[in-house]
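Q: structural data only, the sequence is not supplied:
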């Protein structure tokens, strides 16, 4: 307005109508320009706002994407860790399975080694008997011409000499008469095979329900009562058995109830010192039942696992021996109702028919549950086991196959037959 006004030296001049129109026009233009400027600013502001908003949205999206990628990476890492862990676990399981398999294989190897070791023991322990029996058969067949009554009489004598027992010898002779006819056996090796196969057959048939295992208490001390005449290796058997159970980690006690034989108490006490087990004893001529009572009481109170009782073997006075053994058994049963768990008769295999006679006498005196056959490695007449099974029907539970501490073995009927007749039968072609 100032620019468009007309001034003079004396002061402002009044506007005419044209000036007023011009001023109004200019004013209107200014207003219009202001409005456009405002709108332009508003649009610019909105545009800036939109840009900022878009930028923020873009940042949010990028952050979300980054966050998701990070989560995915973490998830992948977790998955990798899980997979790695599973692989490790799988390897661990495989290693465990491998260890179990290896352990099973080791156990099988140990069992095989034990089986082979047992076979070797029987093979060596019965070497004398095998050679002796083979020599007797060879001697029988040396002058063989044909099968007749003379041959069977000689066979019976040979079998009795081999300690298979009179009854067994007669039974084999009778059955062999029929077997030879059926086989039409005429040659020496055919006759020899028929004899041995018949021995094995009778031996196996008589032992079908035989129990050769030792029986132990399910709770509390196990009590084994040993009987037998002097000199058969009864005390030595007790000492070796004590050593076995001591090595197995059991708490073992010996009871010296043979108070009549001179030196019997000290002999058992010496075994106790050697093996490192407790021995309950009294002075000579003491009441054997009193010794056993003290031993059983101590075994119960001090949690012993095994009690092995040595007894006198005075067969010359059967009545007194029977009373003594009955009294001992009563004392044991009163303290432990299911004991004694075994009554084991010790027999010397080298005494042959005498051992068989002793077994019959002790069977009359007490309730024998099994036989301990000592010194089987020292006899050329190992047929005594056949006689015990066939005539007495008593199971052999332990056998002595040597002088060493671990040569007292659990009896194996299968290993015995193989060890006794090995190589004496002609192989099938």
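A: Cool, got the structure. Since the structure is predicted, the reported quantities are computational estimates derived from the model, not experimental observations. Numbers count the residues shown, from 1 in each chain.

Q: which ones are touching residue 154?
A: Shown in contact with residue 154 (CB atoms under 8 Å, 6 or more residues apart in numbering): residue 140. Every residue, glycine included, has its C-beta placed from N, CA and C.

Q: what's the helix or strand for it?
A: helix 149-161 (DSSP states H and E).

Q: and the average pLDDT for that helix is what?
A: Predicted confidence along helix 149-161 averages 86 (mean pLDDT).

Q: buried residues in it?
A: 151-152, 154-156, 158-161 (16 or more other CB atoms under 10 Å).

Q: go on, stretch 337-351?
A: By 16+ other CB under 10 Å, the buried positions in stretch 337-351 come out as 339-351.

Q: residue 188: which of those is nearest?
A: residue 349 (29.0 Å; CB to CB).

Q: excluding sequence neighbours, find me the nearest residue to that closest one.
A: residue 376 (4.4 Å; CB to CB, 6 or more residues apart in numbering).

Q: returning to that earlier point: ok, of the buried residues of stretch 337-351, which one's closest to residue 291?
A: Closest to residue 291, out of all of these and judged by CB to CB, is residue 340, at 14.5 Å.

Q: quick one: the closest one and residue 332 touch, right?
A: Yes. Judged on CB atoms under 8 Å, residue 340 makes contact with residue 332 at a distance of 5.3 Å.

Q: state the distance from residue 172 to residue 144.
A: Distance from residue 172 to residue 144, counting by CB to CB, to the nearest Å: 17 Å.

Q: my bad, residue 176
A: 14 Å.

Q: neighbour count for these two, which is higher?
A: Higher neighbour count among residue 176 and residue 144: residue 176, with 23 against 14, using other CB atoms under 10 Å.

Q: give me the three-state assignment for the more buried one.
A: Of the three states, residue 176 takes helix under DSSP: H, G, I helix; E, B strand; the rest coil.

Q: distance of it relative to residue 297?
A: Taken as CB to CB, the span from residue 176 to residue 297 is 56 Å.

Q: so residue 347 sits in a helix?
A: No. Applying three-state DSSP, one finds residue 347 to be strand, outside a helix.

Q: quick one: residues contacting it.
A: 228, 232, 355, 358-359, 371-374, 384, 388.

Q: restricted to helices, list the residues you listed.
A: 355, 358-359, 384 (DSSP state H).

Q: got a winner among these for most neighbours?
A: For the ones in helices among the contacts of residue 347, neighbours tallied by other CB under 10 Å; top is residue 384, 29 neighbours.

Q: doesn't residue 355 make contact with that one?
A: Yes. Between residue 384 and residue 355 a contact is recorded at 6.0 Å, counting by CB under 8 Å.

Q: run through the stretch 1-150 of the chain and note the low-pLDDT ranges.
A: 1-116 (pLDDT under 70).

Q: try it again at 80.
A: For the stretch 1-150 of the chain, applying pLDDT under 80 flags the ranges 1-117, 133-134, 142-147.

Q: quick one, strands of this structure?
A: 7-8, 11-12, 222-227, 252-256, 278-280, 306-310, 342-348, 370-374, 396-400, 408-410 (DSSP state E).

Q: out of the buried residues of stretch 337-351, who's nearest residue 324?
A: Out of the buried residues of stretch 337-351, the member with the shortest distance to residue 324 (by CB to CB) is residue 343, at 13.5 Å.

Q: was I right about the closest one contacting residue 228?
A: No. At 10.7 Å, residue 343 does not count as touching residue 228 under the criterion of CB under 8 Å.

Q: shared neighbours, the two?
A: Overlap of the contact sets of residue 343 and residue 228 (by CB under 8 Å, 6+ apart) is empty.

Q: quick one on the thing from earlier: adding distance to residue 285, write the contacts of residue 347 out as CSV.
A: Formatted as CSV, those follow (distance: CB to CB, whole Å):
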residue, distance to residue 285
228, 21
232, 23
355, 29
358, 25
359, 28
371, 30
372, 27
373, 31
374, 27
384, 35
388, 34
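
Q: thinking again about what came up before, spit out the residues that contact residue 340 and residue 332 alike.
A: Shared contacts of residue 340 and residue 332, counting by CB under 8 Å, 6+ apart, come down to 223, 225, 309.

Q: just the buried members of those?
A: 223, 225, 309.

Q: contacting residues for the first one?
A: Contact criterion CB under 8 Å, 6+ apart gives 217, 296, 299, 307, 309, 332, 336, 339-341 as the residues in contact with residue 223.

Q: which pLDDT value goes with it?
A: 98.

Q: picking up where we left off before, among the ones in helices among the contacts of residue 347, which pair sits farthest apart?
A: Most distant of the ones in helices among the contacts of residue 347, by CB to CB, are 358 and 384, 11.2 Å apart.

Q: chain center to stretch 412-427: distance?
A: Distance of stretch 412-427 from its chain centroid, counting by CA atoms, centre = their mean, to the nearest Å, is 27 Å.

Q: in that stretch, what's buried?
A: 412-413, 415-421, 424.

Q: which residues are contacting that stretch?
A: 118-119, 122-123, 125-126, 129-130, 133-134, 137, 189-190, 192-193, 196-197, 199-200, 203-204, 207, 210, 212, 382-383, 385, 399.

Q: name the nearest residue to residue 366, ignoring sequence neighbours.
A: residue 325 (4.7 Å).

Q: that neighbour against residue 311, yeah?
A: Yes. Using CB under 8 Å, residue 325 is in contact with residue 311, at 6.5 Å.

Q: kind regards, and thank you for your time.
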